[in-house]
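# the amino acid sequence is not available; the structure is as follows:
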Ligand SMILES: *[C@@H]1O[C@H](CO)[C@@H](O)[C@H](O)[C@H]1NC(C)=O
Ligand SMILES: *[C@@H]1O[C@H](CO)[C@@H](O)[C@H](O)[C@H]1NC(C)=O
Ligand SMILES: [Cu+2]
């Protein structure tokens, strides 16, 4: 939030509790006859160069950052663990001044790294090949978890004898265990100065949907740097592991007779192809809109330099400098030892972009979609391409964008209607059990609609109850035998730097006030 014109919006999404296995389509659209998977040629990123000052770091540039850091003195003995290497975006004034063909403002990277338990924030100038800024532990807290952190933390419990005993007492074999670090945090003064996570385990016996089989009450507090189990807690020995029956959500596992009448395949035709284009890798042009779209490790998807073409004089007018999801906050309303800390901040703790897996053509995004890749850095500082991370498509859902008919009161026989076609930029982050679907939708009337869809699995709690429970004693409804869907919220905050016809914008809140009229009095007549 650097500018006064930035707005933070907070959307409170209601508590979402769905029974996991409901009605399923027998098969996905892409496996139906006549629905061949349209493919987009994979992009070779190895030699790509940036086209725009806001373009993310390329494969070559991430390699260059790695080379610069390897010969940087403080890291000459040990290369740090890389958490993020991101473009250090040039100042807004420089970006606004820049026109295609102009030389770029200096290309810079910001690096978040860890070495010997210390956080390093580095600024790297790619042109002069120098580290231009270096702060050690500049603030409290730690960088986003790396993939190495997550996989090391998930293995850590197995080095603990108490854990093995606890597991054996439940007749669970270690081969069916999946452990995950759900939330980083600070859990008390004993952990001062340490990076710690709580690790929880699930059983995948009989189902890939292990989220439905929590080993309830078993919590290991793990030091992410030493991988030592700092605290072991088991309060759930008498809570059974919920059954695995009917928990597998895959199409191929749906054996039950379909209760719902099957739907015929559906697809929107675009006989002349799509009407948007992507220029220079990231500039999207569609109808009256032009904007820059890119993948981001933390935010997932960043939209910048959004402009709309004036229908009268054809000139491009500024609408938004930059918009992205800045953070999530997902607190669970349960005070148990194994639940109180569950308050995920999915963007900062895991990275929405880092959690976004390739989209499934035809089912995640319709036919004629354009796919964009994400380029990030691995913990050893090498570039990594996440293919098909974002999709762009034109949406037509059968709605009307505008209409008017005339002829009832006059002699004009007018039937005018315009179909509503919009452009959507989409990505889906699979942050553990949850899938967040982000849609940035552009309408020809100038509206930008941001939608966040929630899908995936619930984070559930094992319970000794299997029916008719005492609701008061629980932190959520019993959704199945021995399973509670713990009540929780999902808050999403957005960074929206609006520049509607320039940077000087204000936010106007209009509140209507109800006025009461006395019997026999008309306010309209009184004024
Ligand atoms: C715990 O069990 C695992 C898997 O059986 C084994 O590899 C590990 O050595 C055991 N750890 C301890 C501390 O006994
Ligand atoms: C924005 O408004 C302020 C106060 O009215 C004014 O001083 C400033 O020059 C304006 N900036 C632009 C870019 O128009
Ligand atoms: Cu939820």
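The structure has been received and is ready for your questions. Model, not experiment: these values are computed from the prediction. Ligands and ions are numbered 1, 2, ... in the order given.
# residue 347 falls within a helix, correct?
Yes - looking at residue 347 with DSSP: H, G, I helix; E, B strand; the rest coil, it is inside a helix.
# list the contacts for it?
298, 299, 300, 325, 326, 327, 328 (Cβ atoms under 8 Å, 6 or more residues apart in numbering). Using the backbone N, CA and C atoms, a C-beta is placed for each residue, glycine as well.
# is the fifth one in a helix, a strand, or coil?
Secondary structure for residue 326, judged by three-state DSSP, is strand.
# isn't it right up against residue 493?
Yes - using Cβ atoms under 8 Å, residue 326 makes contact with residue 493 at a distance of 5.0 Å.
# now do stretch 434-449: everything it contacts.
Residues contacting stretch 434-449 (Cβ under 8 Å, 6+ apart): 286-289, 291, 300-301, 303, 306, 308, 319-320, 323, 325, 328, 346, 352, 395, 401-402, 420-429, 450-457, 459.
# so which bits of it are buried?
Residues 434, 435, 436, 437, 438, 439, 440, 442, 443, 444, 448 are the ones in stretch 434-449 that count as buried (16 or more other Cβ atoms under 10 Å).
# give the buried subset of the contacts of stretch 434-449 as a ChimeraX selection command.
Applying 16+ other Cβ under 10 Å to those, the buried members can be selected in ChimeraX as follows:
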select :286,287,288,289,291,300,301,303,306,308,319,320,323,325,328,346,352,395,420,421,422,423,424,425,426,427,428,429,450,456,457,459
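# so of the contacts of stretch 434-449, which ones are in strands?
Within the contacts of stretch 434-449, residues falling in strands by DSSP state E are 286, 289, 291, 300-301, 303, 306, 308, 319-320, 323, 325, 328, 395, 401-402, 420-429, 450-456.
# what bridges to whatever residue of the stretch 251-400 of the chain ends up closest to ligand 2?
Residue of the stretch 251-400 of the chain nearest ligand 2, by Cβ to the nearest ligand atom: residue 318 (11.0 Å). Beta-bridge partners for residue 318, by DSSP bridges, are residue 307.
# neighbours of it, how many?
Neighbour count of residue 318, defined by other Cβ atoms under 10 Å: 17.
# re earlier: for the buried residues of stretch 434-449, which one is nearest residue 476?
Nearest to residue 476 out of the buried residues of stretch 434-449 is residue 434 (Cβ to Cβ; 15.7 Å).
# secondary structure class for residue 494?
strand.
# mind checking the SS state of the residue of the chain found nearest ligand 2?
Closest approach between the chain and ligand 2, counting by Cβ to the nearest ligand atom: residue 504, at 3.7 Å. When classified by three-state DSSP, residue 504 comes out as coil.
# next, count neighbours for it.
9.
# same thing with residue 161?
By other Cβ under 10 Å, neighbour count at residue 161 equals 9.
# against ligand 1, how distant is it?
The gap separating residue 161 from ligand 1 is 4 Å, by Cβ to the nearest ligand atom, to the nearest Å.
# could you number the chain from 467 rather than 1 from now on?
In the new numbering, first residue 467, that becomes residue 627.
# so how far is residue 698 from that residue?
10 Å (Cβ to Cβ, to the nearest Å).
# same check, this time on residue 549
For residue 549, the distance to residue 698 - Cβ to Cβ - is 27 Å.
# looking at those two, which one has more neighbours?
More crowded of residue 549 and residue 698, by other Cβ under 10 Å: residue 549, with 24 against 17.
# which of the buried residues of stretch 900-915 sits closest to ligand 1?
Closest to ligand 1, out of all of those and judged by Cβ to the nearest ligand atom, is residue 900, at 29.2 Å.
# skip ahead from the longest helix that the chain contains and say which helix or strand is next.
Longest helix in the chain, counting residues (DSSP state H): helix 525-536. Where DSSP states H and E defines the elements, the next helix or strand beyond helix 525-536 is strand 547-553.
# what pairs with that following strand, parallel or antiparallel?
When DSSP bridges is applied, strand 547-553 pairs with strand 574-581 (antiparallel).
# what's the strand it pairs with in contact with?
Outside strand 574-581, the residues touching it (Cβ under 8 Å, 6+ apart) are 523, 527-528, 531, 535, 540-541, 544, 546-554, 556, 585-592, 598, 608-610.
# Produce a PyMOL select command limited to the buried residues of those residues.
With 16+ other Cβ under 10 Å as the burial test, the buried ones among the contacts of strand 574-581 are selected in PyMOL as follows:
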select buried, resi 523+527+528+531+535+541+546+547+548+549+550+551+552+553+554+556+585+586+587+588+590+591+592+608+609+610
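# related to what we said a few turns ago, quick one: the contacts of residue 813 as a markdown table, columns for distance to residue 644 and pLDDT too.
Shown next, in a markdown table, are the contacts of residue 813 (distance: Cβ to Cβ, whole Å; pLDDT from 0 to 100):
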| residue | distance to residue 644 | pLDDT |
| --- | --- | --- |
| 764 | 25 | 96 |
| 765 | 28 | 97 |
| 766 | 25 | 97 |
| 791 | 28 | 97 |
| 792 | 30 | 97 |
| 793 | 27 | 96 |
| 794 | 23 | 94 |
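# so the residue of the stretch 717-866 of the chain closest to ligand 2 touches residue 966, yeah?
Yes - checked against Cβ under 8 Å, the pair residue 784 and residue 966 is within contact range at 6.9 Å.
# follow-up on the earlier one: the residue of the stretch 717-866 of the chain closest to ligand 2 and residue 750: what is the separation?
For residue 784, the distance to residue 750 - Cβ to Cβ - is 16 Å.
# stretch 872-888: how far from the chain's middle?
Chain-centre distance of stretch 872-888: 41 Å, with Cα atoms, centre = their mean, to the nearest Å.
# for stretch 584-591, same thing?
On Cα atoms, centre = their mean, the centre of stretch 584-591 falls 25 Å from that of its chain.
# before we move on, the earlier item: which of the buried residues of stretch 900-915 sit farthest apart?
900 and 910 (32.7 Å).
# mind listing what residue 683 touches?
699, 700, 701, 702, 703, 705, 802, 803, 804, 928.
# distance of the residue of the stretch 717-866 of the chain closest to ligand 2 from residue 774?
8 Å.
# am I right that residue 656 is in a helix?
Yes - Residue 656 forms part of a helix when assessed by three-state DSSP.
# surely residue 753 touches residue 888?
No - using Cβ under 8 Å, residue 753 is not in contact with residue 888, being 9.0 Å away.
# which residues of the protein lie near ligand 1?
624, 625, 626, 627, 630, 640 (Cβ under 6 Å from any ligand atom).
# let's see that with 8 Å instead.
624, 625, 626, 627, 629, 630, 633, 640 (Cβ under 8 Å from any ligand atom).
# just put the residues you listed in TSV and tack on pLDDT and secondary structure.
Listed next are the residues of the chain next to ligand 1 as TSV, based on pLDDT from 0 to 100; DSSP: H, G, I helix; E, B strand; the rest coil:
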residue	pLDDT	secondary structure
624	94	helix
625	93	helix
626	93	coil
627	94	helix
629	95	helix
630	94	helix
633	93	helix
640	89	helix
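# mark which of those are buried, thanks.
For those, buried by 16+ other Cβ under 10 Å: 626, 629, 633.
# of all the residues you listed, which comes closest to ligand 1?
residue 626 (6.0 Å).
# ok, and the closest non-adjacent residue to the closest one?
Closest residue to residue 626 apart from its sequence neighbours, by Cβ to Cβ, 6 or more residues apart in numbering: residue 695 at 4.4 Å.
# hmm, that neighbour is touching residue 630, no?
No - using Cβ under 8 Å, residue 695 is not in contact with residue 630, being 11.3 Å away.
# can you give the domain ranges for this protein?
467-503+743-924+956-967, 613-707 (automatic domain parsing).
# okay, those domains in TSV with distance to residue 942 next?
Converted to TSV, those look like this (distance: least, Cβ to Cβ, whole Å):
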stretch	distance to residue 942
domain 467-503+743-924+956-967	7
domain 613-707	13
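# alright, that wraps it up for me.
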